[in-house]
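Student: Predicted model, plus sequence, below.
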Amino acid sequence: SSGINAEYGGVKNGTEGCIFTPVSHTITGAEADQVSLKFFQGLRGNKKTPNFNDQEQIITSCSEMIAQINIVMGHVKKVLSGEAPSDKELGRQLMEVVQSIPNLDGDTITNMLNSHMQDLLAVEYLTYLTRQQLAISARINQIL
């Protein structure tokens, strides 16, 4: 359950007041969007300004992924020991997941992270330059 409600508001018979009728709905989105939705859903009722710390988000996502992997490993161990019945469709899906994981060595991952970091630094630098240009433009407009 996403915890998001959809309601339609209106005035009944022209009298003062409102009626809210629940509207059936579904929320669709890419898997990548789920991380953001979970983050913002966690902010409900929180009066503080959110801290958008990438490292905390990565740690949370990795912890959730490790928990899910442990659940799957526990099920596989039960099937292998005969405690749980095997399911061919589930086995096929697990095999597809395992085969979809790219085989990358440590150097490739390091190069990808460094490249990404350089891109982020370039964007940050360009943002700084743009702010400075806008500040200079505003000062020149005040003088003129």
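Tutor: Great, that's in hand.
Student: Can you pull out the low-pLDDT segments for the protein?
Tutor: Applying pLDDT under 70 to the chain picks out residues 1-20, 47-52.
Student: So which residue is dead centre in it?
Tutor: Compute the mean C-alpha point of the chain, and by Cα atoms, centre = their mean the closest residue is Val35, 1.7 Å away.
Student: which non-adjacent residue is nearest that one?
Tutor: Excluding the flanking residues, the one nearest Val35 by Cβ to Cβ, 6 or more residues apart in numbering is Ser61, at 6.2 Å. The way it works is simple: take the backbone N, C-alpha and C, and place the C-beta from them, glycine included.
Student: Give the buried residues for the host helix or strand of that neighbour.
Tutor: Taking DSSP states H and E as the criterion, Ser61 maps to helix 54-81. Within helix 54-81, no residue is scored as buried using 16 or more other Cβ atoms under 10 Å.
Student: 24 is where my numbering starts, stick with that
Tutor: Let's use 24 as the start, then, which means that last one is helix 77-104.
Student: quick one: stretch 52-70 to chain centroid distance?
Tutor: The chain centroid and the centroid of stretch 52-70 are separated by 7 Å under Cα atoms, centre = their mean, to the nearest Å.
Student: hmm, back to that, isn't the residue nearest to the centre of the chain right next to Cys85, touching?
Tutor: No: applying Cβ atoms under 8 Å as the test, Val58 and Cys85 come out as separate, 11.5 Å apart.
Student: Show me the strands in this structure, by range?
Tutor: In the chain, the strands defined using DSSP state E lie at 30-33, 42-45.
Student: what separates Ser104 from Ile92, distance-wise?
Tutor: When distance is defined by Cβ to Cβ, to the nearest Å, Ser104 is 18 Å away from Ile92.
Student: again, but for His98
Tutor: From His98 to Ile92 the distance is 11 Å (Cβ to Cβ).
Student: repeat for Gly65
Tutor: Between Gly65 and Ile92 the computed distance is 22 Å (Cβ to Cβ).
Student: what's the answer for Ile50, then?
Tutor: In this view, Ile50 and Ile92 are 26 Å apart by Cβ to Cβ.
Student: now do Asn76
Tutor: Relative to Ile92, Asn76 is positioned 24 Å away (Cβ to Cβ).
Student: Could you do Leu143 as well?
Tutor: As for Leu143, its distance to Ile92 is 28 Å (criterion: Cβ to Cβ).
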